[in-house]
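>>> Build me a structure from this.
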Amino acid sequence: MPSPQQPDAEGTPAEGGGPDARGVFTRSAVGLHVPDRGLRVARINTLAAGMRGVAPEQVIGLPTSEAYTPFAKDVDERALREVLETGYPRRHISSGAEASLPPSA
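The predicted model follows:
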């Protein structure tokens, strides 16, 4: 049985957050990674895994710097730690990310 430390196959928490929170996480229109206090990926939603072209299980446990590499040039670990410590979001943080679109047919 999955636990909060071991998300289910969808990358959602098995306990806590309730069904509504899990639905928001799995159906979000943006890719979401949730780091643990050691800055390793604890959870990832299906969209984020799909953007990488991997199963959620392949990303869970990776250091955030490695997990975010396909999307960002730099990972601001200070900002991640601040969010984890305070619970307050950070906004407008430049990651150097570049969007890539498939070639048009």
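
>>> what about the protein, any weak spots by pLDDT?
1-19, 70-73, 92-105 (pLDDT under 70).

>>> Show me where it has its helices.
18-27, 46-52, 56-59, 64-67, 77-86 (DSSP state H).

>>> If you count neighbours, what's buried in the second one?
This points to helix 46-52. Residues of helix 46-52 classed as buried by neighbour count (16 or more other Cβ atoms under 10 Å): 46, 47, 48, 49, 52. For glycine as for every other residue, the C-beta is placed from the backbone atoms N, C-alpha and C.

>>> For that helix, output the C-alpha coordinates as CSV.
The C-alpha trace of helix 46-52 is given here as CSV (Å, rounded to 0.1, in the frame of the first residue of the first chain):
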residue,chain,number,x,y,z
THR,A,46,1.4,13.0,-14.4
LEU,A,47,1.8,16.1,-16.6
ALA,A,48,5.3,16.9,-15.4
ALA,A,49,6.3,13.3,-15.9
GLY,A,50,4.8,13.3,-19.4
MET,A,51,6.6,16.5,-20.3
ARG,A,52,9.8,14.6,-19.5
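
>>> who does that helix touch, helix- and strand-wise?
helix 56-59 (3 or more Cβ pairs under 8 Å, 6 or more residues apart in numbering; DSSP states H and E).
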